[in-house]
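**Student:** Sequence plus predicted model, see below.
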Amino acid sequence: MPEENQVAAIDIVRLARHTKRPTTLDYIKHMIKDFLELHGDRRFSDDLAIVGGIGFLADIPVTIIGHQKGRNVKENVKRYFGMAHPEGYRKALRLMEEAERFGRPVINLIDTPGAYPGLGAEERGQAEAIAYNLYKMSTLKTPIISVVTGEGGSGGALALGVADRVYMLSNTIYSVISPEGCASILWRDAGKADEAAEALKLTARNLYNLEIIDHVIEEPGGGAHEDHETTAKRLKSALLAGLKELLGLDVDTLLEQRYQKYRNMGVFSE
């Protein structure tokens, strides 16, 4: 079990949002050999807030998908600040279903403040796209590992988060709402975000102790933003260990364990 984290939750929030943290494409560069990016949802367009494709993790052929943020304002506008439209989630699902057909495990990297909140996204079925991903991922007949690599915000994160194993890097967050949004609703004061962050139990160690996630991957030094390569090596090691377990399971056992994982969340006894 990870050691108790003494860093304030709001400081973890700031680290999770650091503009120099590795992005999905950074992890792909360091971890995936012979990566081929695949585009489009075959319905509307190619959402640049989600990247995905195929390649090799060590010698294992995998499908890897993730939210993609930018490094500056121009890149973030292009990538919608990592906030996917419905076509992004439909692209992700298309790639996951393709992985199922070809027997490839799926790796999802989560880093988003939430799904894109624009009118066009709502008109094209944002909620339905997210809900359909949850439904299909629950019974996808291939191993899935999801990793929170930065922000894990609300349904926009959960749309890539139904998995056999859920990992978090040590300076990341995963929550139904941002601390600022929570504080604005509860106290009508976004300035109380630090209090909200503590109450939300959104850090990796909080969620590990609550048995929502399965593993915390320690970041090097002052955080992933200071050493992309070492962070990627640690993530790769965790992914290979997880896939070694999951690839040894038959499909029925895999799906039953996934079902029980989510059925057991929130169960308690007095």
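**Tutor:** That came through, no problem.
**Student:** quick one, longest helix in the protein?
**Tutor:** Among the elements of the chain assigned as helix by DSSP state H, the one spanning the most residues is helix 228-246.
**Student:** can you confirm residue 63 is in a strand?
**Tutor:** Yes - when classified by DSSP: H, G, I helix; E, B strand; the rest coil, residue 63 is found to be part of a strand.
**Student:** which residue packs closest to it, ignoring adjacent ones?
**Tutor:** Taking CB to CB, 6 or more residues apart in numbering, and ignoring the residues beside it in sequence, residue 63 has residue 99 as its nearest neighbour in space, at 3.8 Å. In short, each C-beta sits where N, CA and C put it, glycine included.
**Student:** and the gap between the one you found and residue 141?
**Tutor:** Between residue 99 and residue 141 the computed distance is 10 Å (CB to CB, to the nearest Å).
**Student:** Compute the inter-axis angle for whichever helix or strand comes after the longest helix of the chain and helix 228-246.
**Tutor:** Reading on from helix 228-246 to the C-terminus, the next helix or strand found by DSSP states H and E is helix 251-263. Helix 251-263 and helix 228-246 meet at an angle of 120 degrees, taking axes from the mean of the first three to the mean of the last three CA atoms, to 10 degrees as the criterion.
**Student:** returning to that earlier point: if you count neighbours, what's buried in the longest helix of the chain?
**Tutor:** Within helix 228-246, the residues scored as buried using 16 or more other CB atoms under 10 Å are 228, 231-232, 234-236, 238-239, 242-243, 246.
**Student:** got it, and stretch 127-136?
**Tutor:** Of all the residues in stretch 127-136, those buried under the rule 16+ other CB under 10 Å are 129-130, 132-134.
**Student:** returning to that earlier point: which residue of residue 99 and residue 141 possesses the greater neighbour count?
**Tutor:** Neighbour comparison, residue 99 and residue 141: the larger count goes to residue 99, with 25 against 13 (by other CB atoms under 10 Å).
**Student:** got the CA positions of the helix or strand encompassing the more buried one in CSV?
**Tutor:** Element membership of residue 99 [criterion: DSSP H and E] is helix 86-102. Output in CSV follows, covering the C-alpha atoms of helix 86-102 (Å, rounded to 0.1, in the frame of the first residue of the first chain):
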residue,chain,number,x,y,z
PRO,A,86,-18.7,13.1,-29.0
GLU,A,87,-16.7,12.2,-32.2
GLY,A,88,-13.6,11.8,-30.0
TYR,A,89,-15.3,9.2,-27.8
ARG,A,90,-16.8,7.5,-30.8
LYS,A,91,-13.3,7.3,-32.3
ALA,A,92,-12.0,5.8,-29.1
LEU,A,93,-14.7,3.2,-29.1
ARG,A,94,-14.1,2.4,-32.8
LEU,A,95,-10.5,1.7,-31.9
MET,A,96,-11.4,-0.4,-28.8
GLU,A,97,-13.8,-2.5,-30.8
GLU,A,98,-11.2,-3.0,-33.5
ALA,A,99,-8.8,-4.1,-30.7
GLU,A,100,-11.4,-6.6,-29.6
ARG,A,101,-11.7,-8.1,-33.1
PHE,A,102,-7.9,-8.5,-33.5
